[in-house]
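[1] The following block contains a protein sequence and its predicted model.
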Amino acid sequence: FYVAQTPSAGRDLVILKSDEPQLRWSGFVQELFDLCRRLDIHTIITIGSMYDHVLHTDRTVSAIASDAAMTSVLRQKGVNSISYQGPGAIHSSIQAEGLKRNATCISLWCHCPLYLQGTTHFGILAHLGKLLASLGDFELNTEDLEINWEKLNTQIETLIENNAELQAVVRELRKAKTRGSGTALRGAAKGEKIINIQDFLEPK
């Protein structure tokens, strides 16, 4: 746990950094909300990420919110609302408990390109930081992230410009984006080879 003071917002942030628990989700969630009650916390934001059929220049964040008002706020901020159906996760357990306790719960998911696996996407991190600052009404300096992204983006663009295989991947993604779906590369998620930009970057 960490605490970050935000004088401009008149409140503090309590930050939990943790691996997703493998067992006893219910007990974990109960402990979490009991702590929130003691600290007078009324809003919980969980953060995750996924590899998706997006470009490195995209800034795509999707979300689930526990109430319609917050869903509307997120849409106004350019966040995609999703209605999740699938295997349970700690995020959905927290959402369910938040409904019982009348707490506002938000799950944010950053969408990162499949071909950037193993690479830190500083651009989407900067975007996420600005989104969190906007939601919490506090200031957050993302300058270092932006600088690191400019350097990495230059590397990526140079690699794409000089590699036909990477150009083909990006071209197919752009076509799928124009059509409004990622169907062109859906098979890749089932085990087909994915271009990994890390394979083309020079060792540090």
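    That came in fine, so what should we check first? Residues are numbered from 1 along each chain as shown.
[2] Now for residue 167, how many residues are close by?
    When neighbours are defined as other Cβ atoms under 10 Å, residue 167 has 13 of them. To be clear about C-beta, it is placed using only N, CA and C from the backbone, and glycine gets the same treatment.
[3] residues in contact with it?
    160, 161 (Cβ atoms under 8 Å, 6 or more residues apart in numbering).
[4] Could you check how far it is from residue 115?
    Residue 167 sits 11 Å away from residue 115 when distances are taken as Cβ to Cβ, to the nearest Å.
[5] can you check residue 160 too?
    9 Å.
[6] higher neighbour count, the two?
    Between residue 160 and residue 115, counted using other Cβ under 10 Å, the more crowded position is residue 115 (27 against 20).
[7] how would you label residue 36: helix, strand or coil?
    helix (DSSP: H, G, I helix; E, B strand; the rest coil).
[8] contacting residues around the longest helix seen in the chain?
    Longest helix in the chain by number of residues (criterion: DSSP state H): helix 143-161. Contacting residues not belonging to helix 143-161 are listed as 56-57, 116, 119-123, 125-126, 129, 166-167, 170, 197, 200-201 [Cβ under 8 Å, 6+ apart].
[9] Pull out the buried members of those residues.
    56, 116, 119, 121, 122, 123, 125, 126, 166, 170, 197, 200 (16 or more other Cβ atoms under 10 Å).
[10] Alright, I will stop here.
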